[in-house]
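1. heads up, no residue letters with this:
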């Protein structure tokens with residue numbers, strides 16, 4: 001049996017990698033992948049704590065978080081594709097101006 005501290009440590013490392021990806025990168029696709037990595041890190045921590053407490057509520061919450069994350073990816077990718085079709089380039093710096 002793997003200790004709960006290993007799962008939470010891995011979750012913290014994955015979350016930190018996601019935060020660095022959001023702060024450092026300028027490509028919206030990489031930023032979305034980093035956000036998904038952070039959501040999965042939170043899911044891993046929830047499952048680890050839920051198994052430590054021997055309850056199923058955490059796993060139900062993880063299911064809802066995964067559902068919201070899938071919807072976020074679908075909408076976000078649709079927005080990115082629409083912007084790419086208009087501008088032919090993707091950069092967060094250009095999108096921060098929000099001028100068409």
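-> Cool, got the structure. This one's a predicted model, so the numbers in the text were calculated from it and none came from an experiment.
2. where does the protein dip in pLDDT?
-> 93-100 (pLDDT under 70).
3. which secondary structure elements does the lengthiest helix in the chain contact?
-> For the chain, the helix reaching the highest residue count under DSSP state H is reported as helix 57-87. For helix 57-87, the elements it packs on are helix 28-53, judged by 3 or more C-beta pairs under 8 Å, 6 or more residues apart in numbering; DSSP states H and E. For glycine as for every other residue, the C-beta is placed from the backbone atoms N, C-alpha and C.
4. Tell me the helices and strands packed up against the helix it packs on.
-> helix 4-24, helix 57-87, helix 92-95.
5. For it, buried residues please.
-> Using 16 or more other C-beta atoms under 10 Å as the burial criterion, the residues of helix 28-53 that qualify are 28, 31-48, 50-51.
6. ok, now which ones touch the residue nearest the centre of the chain?
-> Residue closest to the mean C-alpha point of the chain, counted by C-alpha atoms, centre = their mean, is residue 36 at 1.9 Å. The contact partners of residue 36, by C-beta atoms under 8 Å, 6 or more residues apart in numbering, come to 18, 69, 73.
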